[in-house]
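**Q** sequence-free structure coming up:
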Ligand SMILES: [Mn+2]
């Protein structure tokens with residue numbers, strides 16, 4: 001059951017046991033083996049570095065995504081994910097055309113403070129984040145001076161929904177931990193094409209790069 005998190009100015013809800021345990025176990029094993037995990041390059045303080053996690057950008061043809069000045073062309077949906085998508089869409093009440101899959105191999109893999117606020121996501125994106133494997137501590141922090149981090153544990157099979165002004169008002173992070181932890185997979189379902197599901201008059205799919213998608217500084 002989803003419970004709303006007490007974050008003023010945000011719309012965040014968590015179901016800690018959204019996916020049944022056995023199903024979550026099987027999905028974790030399949031994704032670990034079937035996803036083409038790669039190291040994405042990100043910009044950090046003006047330098048391009050390897051992201052401290054493994055990732056894969058998955059989506060419909062045309063659902064390209066640009067972050068940290070790098071453009072990612074979508075890889076096709078693995079079978080296990082294609083079957084899951086309508087269930088996540090039903091839980092979120094939103095349609096998704098892509099997934100950023102992340103693999104945190106151990107406690108040294110992490111992600112610093114950021115918001116999912118790339119222009120192609122639109123001003124108030126709905127993002128559904130499914131966690132599999134080792135539970136890690138996730139944090140929210142309001143985008144005002146002196147704000148404190150609000151921690152939330154994301155267990156195996158949990159689904160976190162972020163919507164409305166969440167990305168505009170908060171950043172989030174997955175800090176490193178010295179605690180011994182096993183691998184965690186995180187699937188963040190997104191929609192990067194405003195016209196997703198539509199076709200142009202000439203019948204070709206609408207491309208994300210049409211209309212001058214801005215890049216992140
Ligand atoms: Mn994020």
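**A** Nice, I can see it. The model shown is predicted, which means the values in this text are computed figures rather than measured ones. Numbering: from 1, shown residues only.

**Q** and the nearest residue to residue 178 once chain neighbours are set aside, what element?
**A** Using C-beta to C-beta, 6 or more residues apart in numbering and skipping residues adjacent in sequence, the residue nearest residue 178 is residue 107, 6.4 Å away. Any C-beta I mention is one placed from the backbone N, CA and C, and that applies to glycine too. When elements are assigned from DSSP states H and E, residue 107 belongs to no helix and no strand.

**Q** how close does residue 30 sit to residue 7?
**A** 33 Å (C-beta to C-beta, to the nearest Å).

**Q** Neighbour count: these two, which is higher?
**A** Remark: of residue 30 and residue 7, residue 7 carries more neighbours, 17 against 14, as counted by other C-beta atoms under 10 Å.

**Q** Tell me which helix or strand the more buried one sits in.
**A** Residue 7 is part of no helix or strand when elements are defined by DSSP H and E.

**Q** close enough to count as contact, it and residue 150?
**A** Yes: if you go by C-beta atoms under 8 Å, residue 7 and residue 150 touch, sitting 6.5 Å apart.

**Q** joint contacts of the two?
**A** residue 140 (C-beta atoms under 8 Å, 6 or more residues apart in numbering).

**Q** Do a quick rundown of the helices in the chain.
**A** In the chain, the helices defined using DSSP state H lie at 21-34, 79-92, 166-169.

**Q** Could you dump the ones you listed into JSON lines and include distance to residue 178 and mean pLDDT?
**A** Shown next, in JSON lines, are the helices of the chain (distance: least, C-beta to C-beta, whole Å; pLDDT from 0 to 100):
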{"stretch": "helix 21-34", "distance to residue 178": "23", "mean pLDDT": "97"}
{"stretch": "helix 79-92", "distance to residue 178": "32", "mean pLDDT": "95"}
{"stretch": "helix 166-169", "distance to residue 178": "29", "mean pLDDT": "97"}
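
**Q** deepest of those helices, which one?
**A** Ranked by mean neighbour count, the helices of the chain are led by helix 166-169 with a mean of 20 (mean count of other C-beta atoms under 10 Å).

**Q** Pull the distance from that one to the chain's centre.
**A** Centroid displacement of helix 166-169 relative to its chain, using C-alpha atoms, centre = their mean, to the nearest Å, is 14 Å.

**Q** what number of residues lie near residue 6?
**A** The local packing of residue 6 (other C-beta under 10 Å) involves 8 other residues.

**Q** Pull up the gap between the residue nearest to the spatial centre of the chain and residue 180, please.
**A** Centroid-nearest residue in the chain, with C-alpha atoms, centre = their mean: residue 188, separated by 2.6 Å. Counting by C-beta to C-beta, the gap from residue 188 to residue 180 is 25 Å.

**Q** ok, now residue 17?
**A** 24 Å.

**Q** So between these two, which is more surrounded?
**A** A count of neighbours by other C-beta under 10 Å puts residue 17 above the other of residue 17 and residue 180, at 13 against 8.

**Q** show me the contacts for the more buried one.
**A** Remark: with contacts taken as C-beta under 8 Å, 6+ apart, residue 17 is in contact with 155, 157, 158.
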